[in-house]
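Undergrad: Provided below are the primary sequence and the corresponding predicted coordinates.
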Amino acid sequence: MIAQIPKESITNKWSRLYASLYYFLGQAMLDRFGDAGESALRQAIHNYGAYRASRVRAGHEARGLALNLANMMNFGDMPNTDSLDSGDRICTPSEFRITVNECTLYNTWRSLNGVDAGRIYCEEVHHPLYCEYAQGVTLDLPDFLTKGDEVCMFILTLPGAPEPAAEPAPDAYPEAKIARLYGVLYYFLAKAMLDAFGNEGEDALRRALGNYARHEAKSLNEDQLAQGWEVHEATLSLGEGYSSIAGWAVYDAWREMEGAETPVGLIYLEEVQKR
């Protein structure tokens, strides 16, 4: 029998997989295509952040939530999980401030010697993600871990923000949120490689996915296996009761982006699941 897995550990694991996937694909773009690869990577991450902002905004408008900073943070597309160790936090309709002391994404990139690639992510994703949610949002990011600072410091303002701030509620399935973002991140990175570099980009994508799958298959430890993680051929999957939730979240993300059988999704399945 597979033991029940605490949802925090599942969500944190998906955060690490998210960071690992970004590293292997992003680093492949940098290594193989040089300056052109960096330009394509930066644009892909910017587009990814902008897409997320537009989707959250549309969801809030459909629900009748005021477009303010408290609702953006409390009802966004990221779960409230143990993937961030944060200090003081201010969250009002017109102001959001947080200091992040430790981050799963940064820790993953550091373990892979991939902080430079991670810095590109941090430089490109946050401004469109937050500033394109509502007109008038400003972001100051004076410190962030991937550029060598001690912490990440986020300071957001929205003068004259509309009220009210809705009462936050816990996520029923936080792992589905981060798994969906995993799928969306993959889509934007894969599309960038294919669109910018054609057949050579597809070859780089397939090789990067293979390297990612082999790395993750080797990364399982005894504690993770005991918690219900399984080896699927040469990569990993979640134990019974969770794999379908997270797996469908990834698939639904691809289907929303490009239809049920997306070319980039099929490439992922061909290169990851076969290993």
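TA: All right, it came through fine.
Undergrad: and residue 208, how many neighbours?
TA: 24 (other Cβ atoms under 10 Å). C-betas here are computed from N, CA, C, even on glycine.
Undergrad: Would you confirm that it contacts residue 24?
TA: Yes: using Cβ atoms under 8 Å, residue 208 makes contact with residue 24 at a distance of 4.8 Å.
Undergrad: and residue 139, helix, strand or coil?
TA: Taken by DSSP: H, G, I helix; E, B strand; the rest coil, the conformation at residue 139 corresponds to strand.
Undergrad: beta partners of it?
TA: Beta bridges link residue 139 to residue 156 when assigned by DSSP bridges.
Undergrad: which residues touch it?
TA: For residue 139, the contacting residues are 126-127, 130-131, 154-156, by Cβ atoms under 8 Å, 6 or more residues apart in numbering.
Undergrad: Then residue 153?
TA: Residues near residue 153 by Cβ under 8 Å, 6+ apart: 97-100, 141-144.
Undergrad: measure residue 141 to residue 97 for me?
TA: Going from residue 141 to residue 97 by Cβ to Cβ, to the nearest Å gives 11 Å.
Undergrad: go on, residue 264?
TA: 37 Å.
Undergrad: These two: which has the busier surroundings?
TA: Legend: neighbour count by other Cβ under 10 Å for residue 264 and residue 97, higher for residue 264 (20 against 16).
Undergrad: Remind me which helix or strand the closest residue to the more buried one other than its chain neighbours belongs to.
TA: Once flanking residues are discounted, residue 264 sits nearest to residue 190: 4.0 Å by Cβ to Cβ, 6 or more residues apart in numbering. Using DSSP states H and E, residue 190 sits within helix 174-219.
Undergrad: Run the chain-centre distance for that helix.
TA: Put simply, helix 174-219 sits 12 Å off its chain's centre (Cα atoms, centre = their mean, to the nearest Å).
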